[in-house]
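Engineer: prediction below, plus the sequence it came from.
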Amino acid sequence: MKYNRLIASLILMATFTITVPSIPMAQGSADGFPSFHQNSLFPVDEYRFSNLLDLSGQENSGILLSQAAADAVLAREEIAKVKEEAGEMTRDQVAELMANPFSYLWFGMIQNDSYWYSGDALDAINESDKVVNTTTIQPVMSLQWSEEWRLIFRPVIPIQSVDTVTGFNFITDEPEGPMIGADFERETGLGDIVLWTAFSPQYTPPLVYGFGPTIMMDTASDKWLGTGKWSAGPMGTIVHITDKWIVGAVAQHWWSFAGDSDRNEVNLTDIQPILRYRLSPSTNIGFAPNIRCNWDADSGEQWTVPIGGGISTVLMLGKLPVAVGVEYYYYVETPDSLGPKHQFRFFFTPVLPAPDWSRIPFFGK
C-alpha cells in the first residue's frame with residue numbers, strides 16, 4: 001500500500017513537471033507561505049542590456065513540555081483534518097494552517113503581478129515606462145514523506161506578457177535633431193517553469209523550517225519570455241509563527257548548467273524577508289519583498305531592492321476557503337539600464353482538499 005502511494009506521488013510530480021511546464025522568485029503570500037512571481041524583463045538583453053533577472057530535572061521538564069507543546073499542535077492539526085473532511089473548518093482555522101508553510105493543506109494559488117519598467121535603455125529611444133504582466137499558477141502540495149519529514153512540492157507556471165523590440169528606426173525630422181526610435185510588439189506566452197521542492201523535519205509551529213532544490217526549466221514559448229537556460233540550486237526557508245506575528249525568510253540561488261550558449265548565464269540570488277502582523281486570526285498586514293542580486297551583471301546592474309507591503313485575508317466562499325490579498329512595492333534599487341520601479345500584485349488562493357494518501361508516510365511505519 002505504501003509503495004502504491006509512493007508511485008502515485010511520483011506520477012503526480014512527473015505529471016506537473018512534464019505537462020505543466022522566467023525567473024520566478026519567492027514572494028510572501030497572505031499566509032506567510034512563500035509564493036512566487038515571474039520577474040520578466042523588458043527583453044532587451046539581446047541588444048547588450050543585462051538580464052535581470054526568497055539542571056537535569058529541569059532539562060527533562062523542558063523536554064517534556066516541548067514534546068507536550070508539539071503534541072498539542074499535532075492534535076489541533078488532526079482535529080482540523082477531521083473538520084476539513086466534514087466541511088466544518090472556519091476561516092480562522094484555515095488561516096492558522098495557512099500561516100504555516102509546511103502544513104498539510106493543498107493550495108491552488110493564482111497570482112497576477114504588474115511591473116512598470118524604466119531605465120537608460122528606454123530613455124535612449126525616447127520611450128516611456130513599459131508594463132510587464134505575469135500571471136502564475138502555483139499548485140502547492142504537501143506530502144508526508146516519513147513520520148519525521150514532510151515534503152512540499154510546488155511547480156510555478158508563469159504566463160507572461162511583455163513588450164518586445166521588433167526593430168529600430170533612425171528619425172531625422174525631430175526639432176531636437178536625429179534620434180533613434182523602436183518598434184514594439186506585445187508577446188504573451190509560457191515562461192520558464194520553476195519546480196520548487198522543500199523537505200522539512202520541523203513542520204509544527206511555532207518554529208518551522210525546510211530546505212531542498214529549486215530547478216528552473218527552459219520551457220518558455222518564446223525567447224523573450226525566458227532565460228534560454230536550465231538552472232538549479234539550493235533553497236531554504238525558516239518561519240516563526242505566533243498569535244500576532246509571522247517572521248521569517250526564504251533564500252534561493254540558481255546557477256545555469258545547460259541551454260542556449262548565446263544567452264546570458266544565470267547566477268542569481270533571491271533573499272526574501274517576511275514580516276507580517278496579524279490584525280485578526282484571518283487577516284494580516286506586512287511585507288515580503290524579494291531582494292535579488294544578479295552576480296554576473298555589471299556594477300549598477302546587480303541589485304533589485306523593493307520596499308512596500310500589503311494586506312490579505314481568508315474568506316469563505318460557501319464551504320471553500322480562499323485567501324485573497326493585494327500588495328504594492330516601490331523599488332529603491334534597480335538596474336540602471338532597465339529595471340522595475342513599481343509593482344502591484346493581486347492573488348487568489350483557494351484551499352483544495354488534500355487527498356488522504358498525502359497525509360500517510362510513504363516511508364517508515
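Structural biologist: Structure's in. What do you need? Numbering: from 1, shown residues only.

Engineer: can you count the residues close to Asn284?
Structural biologist: The local packing of Asn284 (other C-beta atoms under 10 Å) involves 24 other residues. To be clear about C-beta, it is placed using only N, CA and C from the backbone, and glycine gets the same treatment.

Engineer: quick check: it touching Tyr277?
Structural biologist: Yes - judged on C-beta atoms under 8 Å, Asn284 makes contact with Tyr277 at a distance of 6.1 Å.

Engineer: from Trp357, how far off is the residue nearest to Phe153 when sequence neighbours are not counted?
Structural biologist: Excluding the flanking residues, the one nearest Phe153 by C-beta to C-beta, 6 or more residues apart in numbering is Met141, at 4.7 Å. Distance, Met141 to Trp357, by C-beta to C-beta, to the nearest Å: 11 Å.

Engineer: between the two, which has more neighbouring residues?
Structural biologist: Counted by other C-beta under 10 Å, Met141 and Trp357 do not tie: Met141 has more neighbours, with 21 against 16.

Engineer: in contact with the more buried one, which residues?
Structural biologist: Leu12, Trp106, Ile152, Phe153, Arg154, Ser358 (C-beta atoms under 8 Å, 6 or more residues apart in numbering).

Engineer: and the gap between the closest residue in space to the third one that isn't next to it in sequence and Phe211?
Structural biologist: The reference is to Ile152. Excluding its sequence neighbours, the residue lying closest to Ile152 (C-beta to C-beta, 6+ apart) is Ala198, at 4.6 Å. To Phe211, Ala198 is 6 Å away according to C-beta to C-beta.

Engineer: list the residues that contact both of the two?
Structural biologist: By C-beta under 8 Å, 6+ apart, the residues touching both Ala198 and Phe211 are Met235, Gly236, Thr237.

Engineer: quick one, which of those are buried?
Structural biologist: Met235, Gly236, Thr237 (16 or more other C-beta atoms under 10 Å).

Engineer: narrow those residues to those in strands?
Structural biologist: Met235, Gly236, Thr237 (DSSP state E).

Engineer: now do the same for the closest residue to the last one other than its chain neighbours: its pLDDT.
Structural biologist: Nearest non-adjacent residue to Thr237, counting by C-beta to C-beta, 6+ apart: Val250, 4.4 Å away. The predicted structure scores Val250 at 92 on the pLDDT scale.

Engineer: count of neighbours near Val250?
Structural biologist: For Val250, using other C-beta under 10 Å, the count is 29.

Engineer: hey, what's it bridged with?
Structural biologist: For Val250, the beta-bridge partners are Thr237, Gln272 (DSSP bridges).

Engineer: and for Trp295, the neighbour number?
Structural biologist: 12.

Engineer: what helix or strand is Glu96 on?
Structural biologist: helix 91-98 (DSSP states H and E).

Engineer: let me know the next secondary structure element after that helix.
Structural biologist: strand 106-118.

Engineer: what helices or strands is that following strand leaning on?
Structural biologist: strand 34-38, strand 130-144, strand 339-352 (3 or more C-beta pairs under 8 Å, 6 or more residues apart in numbering; DSSP states H and E).

Engineer: what's the separation between Gly318 and Arg91?
Structural biologist: Distance, Gly318 to Arg91, by C-beta to C-beta: 12 Å.

Engineer: more neighbours: these two, which one.
Structural biologist: Arg91 (20 against 7).

Engineer: need the per-residue pLDDT for that one.
Structural biologist: pLDDT at Arg91 comes out at 84.
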